[in-house]
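Trainee: just a sequence and a predicted model for now, questions to come.
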Amino acid sequence: MPIGEFGGAPPLAAEGSPVLTTPMYWMYEMAHASLNPARAVTDATKILFQNPMNPWAHTEVGKSVAAACELFERTTRRYGKPEWGLDDTEVNGIRVPVEIRPVWEKPFCRLLYFDRKFTRPLRSPQPRVLIVAPMSGHYATLLRGTVEAFLPAHEVYITDWADARMVPLSEGRFDLDDYIDYVIEMLHVLGGNTHVMAVCQPSVPVVAAVSIMEARRDPFVPLSMTLMGGPIDTRRNPTAVNKLAEERGIDWFRNTVISKVPFPHPGMMRDVYPGFLQLNGFISMNLDRHMDAHKQLFANLVKGDGDLVDKHRDFYDEYLAVMDLSAEYYLQTVDTVFVKHALPKGEMTHRGTRVDPSKITRVALMTVEGENDDISGLGQTEATHGLCSSIPDHRRVHYVQKGVGHYGVFNGSRFKSEIVPRIHDFMVSAANPKAAQALAAE
């Protein structure tokens, strides 16, 4: 069965007793519940040894006990979805409040709009940007810095993907085909005159969505498409992540990491790739670094270095907040992108129709890569230009950011100072193709 066909996600494990088919998730839930008494005692102990009325609180021993209690609490906590924390931004030198509200919603995603509340209308409209966040384990808030960097000069929307364990089984399945449909629907909701930007994993479904829209001559096709550190062709400069997927094969992933959501979550009995397994993979890749970070946290808590403690908390509150992924979506993505390389081979299909990027003619294309990216190797995103052969040369840009890894492609100081201005200029020129063509001719 061709990948991407309707119902084309690899079949899941045979149905049966949930206790037999998904022991991992059930055991995790029981272990987490069993820690509740210890967590309660630890919390009480921490409060006791941080109470200024307790003379032990001012001693090295008391501070060490309180620090140890915090480390235990943080390493056994289930981290919820982080807040955006973007209450305002600066536009043309003036602080403007920001209201975050959903403008479209389906069971597995909400489209959030960062509505800047101007007291006076802008003299000229700013580029409207749809940021397609990765559905790869972390919440969309991982792109907080990305959104923050674009807010001063752009009208920003972002995909807020749902935690699959919170979606009741009655809402149906969700796979890569549905993901592509969601992107198309969101572009329709925005009504055209929109730039779409895919960060990492969404690059493939965004290219597929735009290709399908162009093949249909859809009037709501985006003005431009920016792909950042995306695995378009993982045969180029393959990373350790790419090699693992190709070597293991889809059957290994289906039999090893897929589990059913246990009671009492709303998505009980849904097949998922659990967040706690993903987190285990994230941490195991850099275990020594994470252990050193927590040792340093203990030392900083004892010293009372609040700035470094807050910095650690902020990072790990985001990093350790993970969500479950729909098994159909995860397996189909792994098979399509990393095992079969369906898009660059011209074999990817959507609902039975072949995805053909050469149909894209009206959409400007920009690709961004990081020099030291160890997730999506150099050249993997650039490969999009070869696939989108019908886009005129003056409407395409490729940029490699020196000295950054995967995270630095969409966050950090170099992203804000060097990448964002280039993307902004590209979007402005994409909205005025005649001016861009004249500039290219010069």
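Mentor: On my side now, so go ahead.

Trainee: ends of stretch 259-266, how far apart?
Mentor: 15 Å (CA to CA, to the nearest Å).

Trainee: how about stretch 149-169?
Mentor: 37 Å.

Trainee: how about stretch 334-347?
Mentor: Using CA to CA, one end of stretch 334-347 lies 15 Å from the other.

Trainee: may I see the buried residues of that stretch?
Mentor: 334-344 (16 or more other CB atoms under 10 Å). No exception for glycine: its C-beta is placed from N, CA and C like everyone else's.

Trainee: and that stretch, how far out from the chain's middle?
Mentor: 20 Å (CA atoms, centre = their mean, to the nearest Å).

Trainee: could you give me the average pLDDT of that stretch?
Mentor: Stretch 334-347 shows an average pLDDT of 94 in the prediction.

Trainee: stretch 296-312 too?
Mentor: Here the average pLDDT along stretch 296-312 is 91.

Trainee: related to what we said a few turns ago, now, the buried residues of stretch 334-347 that are in helices?
Mentor: Cross-referencing the buried residues of stretch 334-347 against helices under DSSP state H gives 342-344.

Trainee: let's have these in CSV, adding distance to Ala245.
Mentor: Shown next, in CSV, are those (distance: CB to CB, whole Å):
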residue, distance to Ala245
Ala342, 13
Leu343, 15
Pro344, 15
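
Trainee: if we can go back for a sec, now, which of the buried residues of stretch 334-347 sits nearest Pro231?
Mentor: Val337 (5.6 Å; CB to CB).

Trainee: who are the contact partners of the closest one?
Mentor: 204, 231, 234, 343 (CB atoms under 8 Å, 6 or more residues apart in numbering).

Trainee: restricted to buried residues, select these in ChimeraX.
Mentor: The ChimeraX command for the buried members of the contacts of Val337 (criterion: 16+ other CB under 10 Å) is given here:
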select :204,231,234,343
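
Trainee: so how many other residues sit close to Pro357?
Mentor: 25 (other CB atoms under 10 Å).

Trainee: put together JSON lines for the buried residues of stretch 334-347, with distance to Leu143 on each row.
Mentor: Shown next, in JSON lines, are these (distance: CB to CB, whole Å):
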{"residue": "Val334", "distance to Leu143": "22"}
{"residue": "Asp335", "distance to Leu143": "26"}
{"residue": "Thr336", "distance to Leu143": "23"}
{"residue": "Val337", "distance to Leu143": "20"}
{"residue": "Phe338", "distance to Leu143": "22"}
{"residue": "Val339", "distance to Leu143": "27"}
{"residue": "Lys340", "distance to Leu143": "28"}
{"residue": "His341", "distance to Leu143": "26"}
{"residue": "Ala342", "distance to Leu143": "26"}
{"residue": "Leu343", "distance to Leu143": "23"}
{"residue": "Pro344", "distance to Leu143": "26"}
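
Trainee: of the residues you listed, closest to Ile375?
Mentor: Phe338 (11.6 Å).

Trainee: from what I see, the closest one and Glu247 are in contact.
Mentor: No. Phe338 sits out of contact with Glu247 when judged by CB atoms under 8 Å, with a separation of 10.3 Å.

Trainee: which neighbours do these two share?
Mentor: Contacts common to Phe338 and Glu247, judged by CB under 8 Å, 6+ apart, are absent.

Trainee: domains for this protein, by residue range?
Mentor: Structural domains assigned to the chain are 20-76, 88-435, following the TED database.

Trainee: between those domains, which gets nearest to Pro82?
Mentor: domain 88-435 (4.5 Å).

Trainee: in the stretch 301-442 of the chain, where is pLDDT below threshold?
Mentor: 433-442 (pLDDT under 70).

Trainee: sorry, back to before: just name the closest of the buried residues of stretch 334-347 to Ile360, please.
Mentor: So of these, ranked by how close each gets to Ile360 (CB to CB), first place is Leu343, at 12.8 Å.

Trainee: quick one: contacts for that closest one?
Mentor: With the criterion set at CB under 8 Å, 6+ apart, Leu343 makes contact with 204, 207-208, 232-233, 336-337, 355, 357, 387.

Trainee: now do it against Pro205, distance only.
Mentor: Leu343 sits 10 Å away from Pro205, taking CB to CB, to the nearest Å as the criterion.

Trainee: follow-up on the earlier one: any chance of the contacts of Leu343 in CSV, plus distance to Ile47 and secondary structure?
Mentor: Formatted as CSV, the contacts of Leu343 follow (distance: CB to CB, whole Å; DSSP: H, G, I helix; E, B strand; the rest coil):
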residue, distance to Ile47, secondary structure
Val204, 49, helix
Val207, 53, helix
Ala208, 53, helix
Ile232, 52, coil
Asp233, 54, coil
Thr336, 51, helix
Val337, 48, helix
Val355, 57, coil
Pro357, 58, helix
Leu387, 58, helix
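
Trainee: let me have those in JSON lines, extended by distance to Asp251.
Mentor: Formatted as JSON lines, these follow (distance: CB to CB, whole Å):
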{"residue": "Val204", "distance to Asp251": "21"}
{"residue": "Val207", "distance to Asp251": "27"}
{"residue": "Ala208", "distance to Asp251": "24"}
{"residue": "Ile232", "distance to Asp251": "25"}
{"residue": "Asp233", "distance to Asp251": "23"}
{"residue": "Thr336", "distance to Asp251": "15"}
{"residue": "Val337", "distance to Asp251": "17"}
{"residue": "Val355", "distance to Asp251": "25"}
{"residue": "Pro357", "distance to Asp251": "29"}
{"residue": "Leu387", "distance to Asp251": "28"}
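
Trainee: residues in contact with the residue nearest the centre of the chain?
Mentor: By CA atoms, centre = their mean, the mean C-alpha position of the chain lies nearest to Pro134, the distance being 2.6 Å. Residues near Pro134 by CB under 8 Å, 6+ apart: 142, 199-202.

Trainee: before we move on, what about Leu227?
Mentor: Contacts of Leu227 by CB under 8 Å, 6+ apart are 197-198, 203, 206-207, 365-368, 381, 384.

Trainee: just the pLDDT for it.
Mentor: Note for Leu227: predicted pLDDT of 98.

Trainee: ok, Pro18 next?
Mentor: At Pro18, the model reports a pLDDT of 45.

Trainee: can you name every helix or strand that the strand or helix carrying Val428 contacts?
Mentor: Taking DSSP states H and E as the criterion, Val428 maps to helix 420-430. Secondary-structure packing of helix 420-430 (3 or more CB pairs under 8 Å, 6 or more residues apart in numbering; DSSP states H and E): strand 195-199, strand 224-228, strand 364-370, strand 396-401, helix 433-441.
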